[in-house]
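Visitor: need coordinates for the below:
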Amino acid sequence: MDPIISVIIPAFNEEKSIGKVVSDIDRNLVKHVVVVNNNSTDNTAENAKNAGAIVVNESNKGYGWACLRGIEKINTLKTDIVVFLDGDYSDYPQEIEHVISPIVNRGVDLVIGSRVLGKREKGSLTPQQIFGNWLATRLIRLFYGASFTDLGPFRAIKTDVLKNLSMSDKTYGWTIEMQLKIVTKKYTFEEVAVNYKKRIGVSKVSGTIKGTLLAGIKIIFAVFKYRF
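Guide: Alright, predicted model coming up:
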């Protein structure tokens, strides 16, 4: 029997892109598409619903808040694998089958879609994102002995494993928390190459000085938090 796949898409003011993201998801492969409207002030929720997504609201701003709300919804649905995908159209939803393949075919627990290993449109990753990924993955290797190339948001994880991780970060540290907990709890993981393009609109994290600084601090803090 084929596994049941659900997708969680956190979205804050992504009215220009969210419909494209949802429409590009293969609904023969994915059963549930949950868009978490993270206190948007535009037509994100309406456009997501019109494209066929289940829309839930999370009033607390923050990537982690939105992901946790999405998980809460997913827990009410029958799901074997959860895929996380951004709502800005920088990822390629058509690559979901590629990202879940190690789970479906070999039973891997977590798969990270690595933008570093894939083809990137020029300018799709900012210099601060490139440096942040480099620093974070080097620290993970140094302190945990685990090799990652990216903290990319495009990822897939077994539903039961996700529940056992007891995710808690509410903001910028969500992705690294998942990866560090996977390592410390001795779950299996792999990376697959994914392609990446310039997002529609301006990033709420890497597109601002404040967001970049806060994300960097959160990532470094997380490395030491789960190590000691």
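Visitor: and the residue nearest to the spatial centre of the chain, how close does it get to Gln179?
Guide: In the chain, the residue lying closest to the centroid (Cα atoms, centre = their mean) is Pro153, at 2.8 Å. Using Cβ to Cβ, to the nearest Å, one gets 12 Å for the distance from Pro153 to Gln179. All C-beta spots, glycine's among them, are computed from the backbone N, C-alpha and C.
Visitor: so Ser40 touches Glu14, yeah?
Guide: Yes: using Cβ atoms under 8 Å, Ser40 is in contact with Glu14, at 7.3 Å.
Visitor: the more surrounded of these two?
Guide: Glu14 (29 against 21; other Cβ atoms under 10 Å).
Visitor: list the contacts for that one?
Guide: Going by Cβ atoms under 8 Å, 6 or more residues apart in numbering, Glu14 touches 21, 40, 44, 87-88, 200-201.
Visitor: do that again at 10 Å, thanks
Guide: 20-21, 35, 37-38, 40, 42-44, 47-48, 86-89, 199-201, 204 (Cβ atoms under 10 Å, 6 or more residues apart in numbering).
Visitor: out of these, which are inside helices?
Guide: Taking DSSP state H as the definition of helices, those contribute 20-21, 44, 47-48.
Visitor: give me the buried subset of those residues.
Guide: Among those, the ones that count as buried by 16 or more other Cβ atoms under 10 Å are 20-21, 44, 47-48.
Visitor: now, which of those residues sits nearest Val116?
Guide: Taking Cβ to Cβ as the measure, Val116 lies nearest Val21 of those, at 21.5 Å.
Visitor: so how far is Lys198 from the closest one?
Guide: Per Cβ to Cβ, Val21 is found 14 Å from Lys198.
Visitor: where does the prediction get shaky in the chain?
Guide: The model of the chain has pLDDT under 70 over residues 201-216, 218, 226-228.
Visitor: all strands for it, in order.
Guide: 5-11, 32-37, 54-57, 81-84, 110-114, 155-158, 189-193 (DSSP state E).
Visitor: closest to Gly132 out of these?
Guide: strand 110-114 (14.4 Å).
Visitor: neighbouring strands for the closest one, and are they parallel or not?
Guide: Strand pairing for strand 110-114, using DSSP bridges, gives strand 155-158 (antiparallel), strand 189-193 (parallel).
Visitor: deepest in the core, which of these is it.
Guide: strand 155-158 (a mean of 24; mean count of other Cβ atoms under 10 Å).
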